[in-house]
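In: Got a sequence here, can you build the structure:
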Amino acid sequence: MNNDVNNDMSAQALHLLETVFGYPAFRGQQGEIVDHVAHGGDALVLMPTGGGKSLCYQIPALLRSGVGVVVSPLIALMQDQVDALAEVGVRAAFLNSTQTLEESRRIEQLVRSGGIDLVYVAPERLMTQRCLDLFQASKIALFAIDEAHCVSQWGHDFRPEYIKLSVLHEQFPNVPRIALTATADHQTRAEIVRCLQLNDARQFVSSFDRPNIRYQIVEKANGRKQLLDFISADHIGDAGIVYCLSRKKVEETAEFLNQNGIKALPYHAGMEYAKRSANQSRFLREESIVMCATIAFGMGIDKPDVRFVAHLDLPKSIEGYYQETGRAGRDGMAADAWMAYGLQDVVLQRRMIDESEADETFKRVLGVKLDAMLGLCETLSCRRVRLLEYFGEPSSPCGNCDTCLLPPISFDGTVPVQKLLSTIYRVDQRFAGGHVIDVLRGVETDRIAQWHHNALSTFGIGSEHSEAEWRAILRQAIALGLITVDHEQYSSLKLTDASRAVLKGGQKVQLRQYQKPVKPKRAAGTASKGYVETDLSKEEQAIFEKLRSWRLDTARIHNLPAYQIFVDATLREVAKARPNSLADLRGISGVGEKKLASYGDAIVAIIEALN
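Out: Alright, predicted model coming up:
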């Protein structure tokens with residue numbers, strides 16, 4: 001293809017970006033990806049949440065002849081995705097099990113006739129012969145496989161139906177395919193390529209860094225109370241997500257937050273579909289709601305103003321943690337990833353792996369992923385460096401995570417760990433952590449007297465450490481693989497082969513010193529590192545608040561999430577620019593031609609009234 005055609009395609013892509021989506025320029029690799037796919041190339045795109053993945057297939061679909069097919073597992077969110085496209089003037093629809101036969105036939109006819117630009121379809125629906133026949137009889141611009149990490153059996157979000165998507169390469173060899181995900185280590189990436197037959201696809205790997213997110217992991221004491229303190233101190237009135245491991249804990253946490261004046265909703269797979277969907281809809285459409293959820297919630301959530309993601313339980317892997325925390329701060333503005341982490345988290349995750357019905361190979365993979373997650377929690381260095389290192393990306397200390405702002409103290413923990421291991425051995429590896437710690441601290445309990453453990457040589461040899469300090473030492477020893485927990489024998493602690501070298505003095509153990517939870521202060525000069533500027537003058541703040549109020553009313557009238565009208569970043573820019581005409585408003589990021597026509601007059605009127 002000659003340069004004139006290439007230049008023309010690039011110009012068209014930029015024109016669509018500006019006039020339809022309202023952005024003045026592509027970010028990062030977006031332009032290169034769009035150009036590659038628009039010219040018929042296959043692509044694998046790894047781009048962090050909020051990095052603009054959707055534009056990488058939406059614009060090529062608009063540039064190419066035919067209908068763009070988006071394969072997505074997110075049936076519950078398809079309506080919102082279609083509504084968001086309608087707001088910018090893109091003709092989109094979906095095909096899924098929530099529709100009547102009549103609705104499905106109407107959409108199918110639009111696909112055949114080219115009457116729409118994009119159609120969203122779940123992988124299960126795509127694999128039906130009816131759907132494959134529909135696409136064979138239609139002009140298809142491209143196939144976009146969203147959330148492509150779902151293909152990986154080693155991943156945190158495996159969907160068996162994704163493996164069958166190789167059929168797209170086999171039945172539609174001349175239609176370009178673009179697979180997209182925000183989370184994939186090298187192993188998952190290789191599996192995506194193999195399963196989807198993307199061997200010849202060009203790979204675009206963006207930085208995994210989300211500099212606007214501050215990572216903080218605290219010692220768990222009273223998790224719910226610590227969560228409440230965190231929200232009360234930094235995030236009153238903000239939208240947020242709290243992840244819990246169990247459905248029961250989700251319900252209890254939501255109730256606890258509501259009792260303490262925080263508007264919270266539960267979400268988990270055990271709820272009735274209608275209630276679950278209603279809660280999701282409220283979270284998307286209303287402001288200041290905290291969603292308490294299992295990991296069943298969150299994939300594909302496009303809400304840009306989630307200001308924090310909190311974990312009350314340890315995630316199973318760094319991929320899961322990255323995916324979940326990445327739902328905060330999609331608008332590029334300051335956000336927090338907060339986690340309360342303690343001994344029981346380590347024990348529970350190890351237990352879940354041990355009791356899994358998976359084969360030994362799979363258990364080993366799960367163990368390696370958990371070890372990496374524990375390493376992130378226990379690291380003495382920058383959390384962001386450790387996180388990015390997992391994805392193969394070198395970086396330097398961020399100056400904004402808790403370990404940078406309040407550096408942990410490292411100490412030679414060899415002797416305390418030897419005392420711990422010796423005590424476990426002397427109680428015959430038959431007792432749980434609480435009892436072992438009581439022996440170390442010399443606490444006279446009825447149980448210790450019953451078993452004559454106050455006569456042991458290790459009784460009281462650890463009295464210089466508090467119970468909290470010993471629990472931190474025990475947690476780290478388990479994380480280091482020196483101790484295991486036998487769940488079939490009342491959670492008794494047992495020594496591993498690796499503990500021998502420590503007991504014999506042949507291996508040193510470096511530990512994090514226990515510190516009472518303290519809120520880290522952003523260091524001078526680092527507060528704005530990587531953050532979108534949010535400072536507004538008093539007058540600009542008043543305009544911004546008036547625009548937010550107008551946006552909320554408008555969203556209710558149109559039954560849309562407020563951010564689908566305009567995101568906060570756009571309203572801030574409007575508040576600063578104070579446009580007096582539609583011409584002034586045109587060119588502000590996020591204001592395309594359709595939104596200019598729909599809402600421009602109202603915005604200009606608000607500005608005029610406040611001037």
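In: okay, the nearest residue to Val71 once chain neighbours are set aside: pLDDT?
Out: Excluding the flanking residues, the one nearest Val71 by C-beta to C-beta, 6 or more residues apart in numbering is Ile145, at 4.8 Å. C-beta coordinates here come from the backbone N, C-alpha and C atoms, glycine included. Confidence at Ile145, expressed as pLDDT, is 96.
In: what pairs with Ile145 across the strands?
Out: Using DSSP bridges, the bridge partners assigned to Ile145 are Val71, Ala179.
In: how about stretch 90-103: buried residues?
Out: Judged by neighbour count using 16 or more other C-beta atoms under 10 Å, the buried positions of stretch 90-103 are 90-96, 99.
In: before we move on, the earlier item: tell me if I'm right that the residue nearest to Val71 and His169 touch.
Out: No - counting by C-beta atoms under 8 Å, Ile145 stays clear of His169, with 10.8 Å between them.
In: Now for these two: what residues contact both?
Out: Counting by C-beta atoms under 8 Å, 6 or more residues apart in numbering, the residues touching both Ile145 and His169 are 177, 196.
In: higher neighbour count, those two?
Out: Ile145 (26 against 18; other C-beta atoms under 10 Å).
In: got the contact list for the more buried one?
Out: 71, 162, 165, 168, 177-180, 196.
In: run the last query once more with 7 Å
Out: 71, 165, 177, 179-180, 196 (C-beta atoms under 7 Å, 6 or more residues apart in numbering).
In: Of those residues, which is the most crowded?
Out: That'd be Ala179 among the contacts of Ile145, by other C-beta under 10 Å, with 30 neighbours.
In: Can you lay out the contacts of Ile145 as CSV showing pLDDT and distance to Gln109?
Out: Shown next, in CSV, are the contacts of Ile145 (pLDDT from 0 to 100; distance: C-beta to C-beta, whole Å):
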residue, pLDDT, distance to Gln109
Val71, 96, 21
Leu165, 93, 25
Arg177, 98, 25
Ala179, 97, 28
Leu180, 96, 28
Leu196, 93, 29
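In: Among those, find me the one that's closest to Leu284.
Out: Comparing those against Leu284 with C-beta to C-beta places Leu180 closest, at 21.1 Å.
In: just checking, the closest one touches Asp146?
Out: Yes - assessed by C-beta atoms under 7 Å, Leu180 is found in contact with Asp146 at 5.5 Å.
In: Quick one: distance of the host helix or strand of Leu387 to the chain centre.
Out: Using DSSP states H and E, Leu387 maps to helix 383-390. In terms of C-alpha atoms, centre = their mean, to the nearest Å, the gap separating the centre of helix 383-390 from the centre of its chain is 15 Å.
In: for the next helix or strand after it, what is the average pLDDT?
Out: Per DSSP H and E, the first helix or strand lying C-terminal to helix 383-390 is helix 402-405. Averaging pLDDT along helix 402-405 yields 95.
In: next SSE after helix 402-405?
Out: strand 410-412.
In: Look up how far Ser463 lies from the residue located most distally from the centre of the chain.
Out: In the chain, counting by C-alpha atoms, centre = their mean, Ala455 sits farthest out from the average C-alpha position, at 51.0 Å. Applying C-beta to C-beta, to the nearest Å, the value for Ala455 to Ser463 is 16 Å.
In: Same check on Glu18?
Out: 70 Å.
In: who has more neighbours, those two?
Out: For Glu18 versus Ser463, neighbours defined as other C-beta under 10 Å are more numerous around Glu18 (17 against 11).
In: which residue sits closest to Glu32 in space, ignoring its chain neighbours?
Out: Closest to Glu32 by C-beta to C-beta, 6+ apart is Phe204, at 7.0 Å.
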